[in-house]
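# Predicted model, plus sequence, below.
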Amino acid sequence: MKITNLFYLTILVLLGYTSCDIDQTQEGKLPEIDVDIETEAGRLPAFDVDWADVNVGTRTTTIKVPKVRVVMEEEEVEIPYIDVDMPDADVDKEEITLIAEAEVTNEMQNLDIVEVLATGDDLYVLSELTPTGKDLGDERARVSDRLVLNAPDLDIKYYIVGKRPEGVFNTQYKYIANRNVLDNQLKNAKSIYKK
């Protein structure tokens with residue numbers, strides 16, 4: 001029974017080091033033990049525990065919040081259309097739009113799909129991101145290019161040649177320093193579109 005009391009004493013000492021106020025409201029009493037192993041019930045000490053006061057609320061603070069303004073306007077534009085016929089005439093084709101996009105800051109940039117290559121069941125969409133020299137200030141701009149492909153189901157891989165702009169939006173494409181990075185993958189590829 002002394003081990004149990006030592007355990008409670010250890011707990012009390014540990015609680016004394018925390019940020020709370022403890023007031024003992026009742027004395028502890030050890031159980032009485034008779035040689036005949038008859039025992040009388042003991043009593044654990046009782047405590048009132050006052051924990052630190054915690055206040056949760058809100059306050060007004062001035063911070064810089066990025067604002068993105070997107071203006072969508074309908075325009076008629078010509079976009080490239082690629083129709084791919086595979087040697088196996090029984091293959092179903094599907095029309096899809098290939099889109100390359102980037103969100104740029106500081107300086108305006110142009111994004112152009114410059115080439116589409118095919119090898120086996122893989123389709124490589126290569127784009128280039130090039131600075132224009134126009135200052136954007138604190139604004140952000142989304143740039144994109146697209147083309148329509150009518151072909152069988154292919155595994156499409158997008159690569160953008162250029163420096164990846166900052167921001168989460170720009171993680172959806174793989175950015176490469178130059179096209180030479182893909183030389184091994186593209187050595188047997190056939191160019192099906194070139195700008």
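Great, that's in hand.

# Heading C-terminal from the longest strand anywhere in the chain, find the next helix or strand.
Counting by DSSP state E, the longest strand found in the chain is strand 122-151. Next along the chain after strand 122-151, taking DSSP states H and E as the criterion, comes strand 155-161.

# Enumerate the positions of stretch 134-153 that are buried.
For stretch 134-153, burial by neighbour count (16 or more other Cβ atoms under 10 Å) applies to 140, 141, 143, 145, 147, 149, 151. C-beta here means a position set from N, CA and C on the backbone, and glycine is covered the same way.

# Pull up the pairing partners for the longest strand of the chain, direction included.
strand 81-83 (parallel), strand 94-119 (antiparallel), strand 155-161 (parallel) (DSSP bridges).

# Any idea which of those strands gets closest to residue 193?
Ranking these by distance to residue 193, with Cβ to Cβ as the measure, places strand 94-119 first at 4.0 Å.

# so what are the domain limits for the protein?
Domain assignment for the chain, taken from automatic domain parsing, gives 2-51, 94-194.

# so can I have JSON lines of those showing distance to residue 82?
As requested, the domains of the chain are exported to JSON lines (distance: least, Cβ to Cβ, whole Å):
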{"stretch": "domain 2-51", "distance to residue 82": "68"}
{"stretch": "domain 94-194", "distance to residue 82": "5"}
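
# Need the phi and psi values for the residue sitting nearest the centre point of the chain.
Of all residues in the chain, the one closest to the mean position by Cα atoms, centre = their mean is residue 168, 7.3 Å from it. Main-chain torsions, residue 168, degrees, to the nearest 10: phi -60, psi -30.

# What's the separation between it and residue 41?
64 Å (Cβ to Cβ, to the nearest Å).
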